[in-house]
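Colleague: structure, please.
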Amino acid sequence: MRIFAAVGGLFMLVSSALALDAEGTIKNVDTDKLTITLENGETYRLPGEMDVTAVETGMSVILAYREVDNGVRQITDMLLPE
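Modeller: Prediction:
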């Protein structure tokens with residue numbers, strides 16, 4: 001079973017046409033900047049309300065995100081393993 005971290009549910013419904021997705025293994029978690037970096041080198045910003053302790057290095061994730069200011073990839077939804 002997987003834990004589904006619903007982040008910004010209403011926003012996701014409104015902007016689902018703009019959502020992009022990615023998947024991979026977490027290489028780095030930066031709790032100060034609230035970002036994760038996947039093994040492919042791409043960095044994604046976590047939502048401020050997310051419990052950062054739920055994500056760990058080596059974890060496989062599936063992300064939905066949108067690009068915001070200056071190409072920052074803001075996570076809007078995340079599927080984590082249990």
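Colleague: and the biggest strand by length in the chain, what's buried?
Modeller: For the chain, the strand with the greatest residue count under DSSP state E is strand 20-30. Within strand 20-30, the residues scored as buried using 16 or more other Cβ atoms under 10 Å are 24, 26, 29. The way it works is simple: take the backbone N, C-alpha and C, and place the C-beta from them, glycine included.
Colleague: I'd like the residues you listed laid out as TSV, including pLDDT and distance to residue 80.
Modeller: Formatted as TSV, those follow (pLDDT from 0 to 100; distance: Cβ to Cβ, whole Å):
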residue	pLDDT	distance to residue 80
24	96	13
26	97	10
29	97	12
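Colleague: can you list those residues in TSV and add distance to residue 50?
Modeller: Formatted as TSV, the buried residues of strand 20-30 follow (distance: Cβ to Cβ, whole Å):
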residue	distance to residue 50
24	18
26	13
29	11
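Colleague: so for the helix or strand that contains residue 76, what gets flagged as buried?
Modeller: In this assignment (DSSP states H and E), residue 76 forms part of strand 73-81. For strand 73-81, burial by neighbour count (16+ other Cβ under 10 Å) applies to 73, 75-78, 80.
Colleague: got it, and stretch 44-64?
Modeller: Buried positions in stretch 44-64, judged by neighbour count with 16+ other Cβ under 10 Å: 44-46, 55, 61, 63-64.
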